[in-house]
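Student: coords please:
(one chain, ligands or ions: 1)
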Amino acid sequence: MKIKICGIVYEIILEDSPHYDQWGNINHQKCVITLDGKAQKQCRDATFIHEVIHGILVHTGDIGEHDETLVRRIANGLFQAGITMESFNLEE
Ligand SMILES: [Zn+2]
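Tutor: Have a look, this model is predicted:
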């Protein structure tokens, strides 16, 4: 699966995380979003939104450390509003 973030194509990879509390990651150099394949769908959805927000911030010029609390608040708010991975225009 792939998603465009600000026009940049990111590959989405499902991979079992070795850390029970880390469900996702975004690598801006490789343009890859990794999601924990073992996580429940609802956790994966919320994590995906979180990582996409990081991507939006980077590709709109915020390349330093992000305000993690703010990212978490926005992501969880969108998830609570019903946004899931299926809400995005994902490509195969
Ligand atoms: Zn984060």
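Student: not counting sequence-adjacent ones, nearest residue to residue 43?
Tutor: Distances taken as C-beta to C-beta, 6 or more residues apart in numbering put residue 23 closest to residue 43, at 5.4 Å, once the chain neighbours are dropped. C-beta coordinates here come from the backbone N, C-alpha and C atoms, glycine included.
Student: mind checking how far that neighbour is from residue 91?
Tutor: Using C-beta to C-beta, to the nearest Å, residue 23 is found at 22 Å from residue 91.
Student: neighbour count winner among those two?
Tutor: Remark: of residue 23 and residue 91, residue 23 carries more neighbours, 21 against 11, as counted by other C-beta atoms under 10 Å.
Student: which residues sit in contact with the more buried one?
Tutor: 17, 35, 36, 39, 43, 44, 47 (C-beta atoms under 8 Å, 6 or more residues apart in numbering).
Student: now restrict those to buried residues only.
Tutor: 17, 35, 36, 39, 44, 47 (16 or more other C-beta atoms under 10 Å).
Student: those residues in strands, which ones?
Tutor: 35, 36 (DSSP state E).
Student: who does residue 33 form a beta bridge with?
Tutor: residue 12, residue 26 (DSSP bridges).
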